[in-house]
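Engineer: when you get a sec, could you give me coordinates for this:
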Amino acid sequence: MKILVTGGAGFIGSHTVDLLLQKGYAVRILDNLTPPVHIEGKPPDYVPRDAEFILGDVRDRAAWERALDGVDAVFHFAAYQDYLTDFSKFFHVNTVGTALLYEIVVEKKLPIQKIVVASSQATYGEGKYACATDGVQFPPLRPVEQLMARDWEPRCPICQQPMQPHVTDEARVMPHNQYAMSKYTQEMLALNFGKRYNIPSAAMRFSITQGPRQSFRNAYSGVLRIFTTRLLFNRAPICYEDGGQLRDYVSVHDVARANVLVLEDARANYQSFNVGGGGATTVAEYARLIARRLDKDLAPEIPGQFRFGDTRHIISDISKLRALGWEPRVSLDAIVDEYIAWAREQPDVRDYYADAEREMLARGTLRTT
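Structural biologist: Numbering: from 1, shown residues only. The predicted model follows:
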């Protein structure tokens, strides 16, 4: 069986490629090696020679047609994720690229047995909460006026009281920002076109995925990368809001196993799945954990900044994927230790935070109270 992995030179894609090759699949990669993640114009050294590589963009029909020739299944991971004010690019790359994939498969009647699309936990927005008075709620985006007042917790849409976050299952989405909206449109395309044209498809809503190969230069994402690189250079990690945001972190190795599982299991067809770590950690706790693993006596700094459009708390309910036999195996300590060891070996490791902060402030993504 031959598998196409778009974005296969990237973070999640490359680890999925490794696992596919270990399991005996033939693999082809389609990747455009776009900066800032890729800066040398050639595949990274970790891309296996056993995988065929095609340089191309998922917005280009000719690249898709060449990449799809002779393949049996597709992992579609190529995506745009960067500064949030590049509104149109999110949809040009993520939504249109996915639509083009299904358009070509249908038009050419390609015998594709499964398509697995990368989605995101971000599709939930604030996710599921419980109000003591009004029960289960799915709050909207927090108003900027509330954030400027350092009032961080989402409030009940009915009574305006603070609420308790709950784990969020796959039943309801409420994407708040451009990235989240573009990822959910990918899901809608995949699952609806998949059903209509009998192309088994699944969507993976990844929680915050952590591990080696996560680019140092992607300014917006990657809290493990941001905190680790600052601490390596004896600078305190910087937490937005009050550092009390709850997140669930998952190893890229566990994510790769989940990806291959849904490829191989027909029970996953035409469904979306949360892929999370099975626990919740505050951002400040995570910063302190990384400092301990690095043996650095540096407490996180909390300057009162926030990224407009960020979620306050989000923890994924992974019971649906567990029902297929998957379980996260890699502990948070092990995730951190592996990333630190990898980062120390990289020739381009440095603290990129100041550059990212300037850019986000200039674009209005990062704001100061």
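Engineer: hey, let's count contacts and neighbours off CA atoms from now on
Structural biologist: OK.
Engineer: can you give me the helices in the stretch 101-250 of the chain?
Structural biologist: Here the stretch 101-250 of the chain has its helices, by DSSP state H, counting those that start in this stretch, at 144-148, 178-196, 223-232.
Engineer: what are the buried residues along the first one?
Structural biologist: Within helix 144-148, the residues that qualify as buried are Leu147, Met148, counting by 16 or more other C-alpha atoms under 10 Å.
Engineer: then the longest one?
Structural biologist: Burial within helix 178-196, assessed by neighbour count using 16+ other C-alpha under 10 Å, is assigned to 178-191, 193-194.
Engineer: give me the pLDDT for Tyr353.
Structural biologist: On pLDDT, Tyr353 comes in at 86.
Engineer: how many neighbours does the nearest residue to it once chain neighbours are set aside have?
Structural biologist: Of all residues not flanking Tyr353 in the chain, Ile226 sits nearest, at 6.8 Å (C-alpha to C-alpha, 6 or more residues apart in numbering). Number of residues near Ile226 (other C-alpha atoms under 10 Å) recorded here: 22.
Engineer: Ile226 and Glu285: what is the separation?
Structural biologist: Here Ile226 is placed at a distance of 14 Å from Glu285 (C-alpha to C-alpha, to the nearest Å).
Engineer: now do Pro157
Structural biologist: 29 Å.
Engineer: mind giving me TSV with the helices of the stretch 101-250 of the chain and columns for mean pLDDT and distance to Ile54?
Structural biologist: Listed next are those as TSV, based on pLDDT from 0 to 100; distance: least, C-alpha to C-alpha, whole Å:
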stretch	mean pLDDT	distance to Ile54
helix 144-148	96	43
helix 178-196	96	22
helix 223-232	94	28
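Engineer: quick one, which of those helices is nearest to Glu52?
Structural biologist: Set against Glu52 and scored by C-alpha to C-alpha, these come closest in helix 178-196, at 24.9 Å.
Engineer: what lies in contact with the closest one?
Structural biologist: By C-alpha atoms under 8 Å, 6 or more residues apart in numbering, the residues outside helix 178-196 that reach it are 80-81, 84, 87, 90-91, 94-95, 98-99, 102, 115, 117-120, 122-123, 125, 175, 199-203, 270-272.
Engineer: okay, and which of those map to strands?
Structural biologist: Judged by DSSP state E, strands contain the following of those: Ile115, Val117, Ala118, Ser119, Ser120, Ser201, Ala202, Ala203, Gln271, Ser272.
Engineer: just these now: which is nearest Gly222?
Structural biologist: The closest of these, once distances to Gly222 are taken by C-alpha to C-alpha, is Ser120, at 13.8 Å.
Engineer: do I have it right that the closest one meets Ser207?
Structural biologist: Yes: between Ser120 and Ser207 a contact is recorded at 6.5 Å, counting by C-alpha atoms under 8 Å.
Engineer: for the chain, name the helix or strand with the lowest mean pLDDT.
Structural biologist: Counting by mean pLDDT, DSSP states H and E, the weakest-scoring helix or strand in the chain turns out to be helix 353-363, with a mean of 85.
Engineer: show me where pLDDT drops low in the stretch 51-200 of the chain?
Structural biologist: Applying pLDDT under 70 to the stretch 51-200 of the chain flags the ranges 83-84.
Engineer: 80 instead, please
Structural biologist: In the predicted model of the stretch 51-200 of the chain, residues 82-85 satisfy pLDDT under 80.
Engineer: then the stretch 201-350 of the chain?
Structural biologist: Using pLDDT under 80, the stretch 201-350 of the chain drops low at 217-221.
Engineer: which residues does Glu357 contact?
Structural biologist: Applying C-alpha under 8 Å, 6+ apart, one finds that Glu357 lies in contact with Leu366.
Engineer: state the distance from it to Thr365.
Structural biologist: 9 Å.
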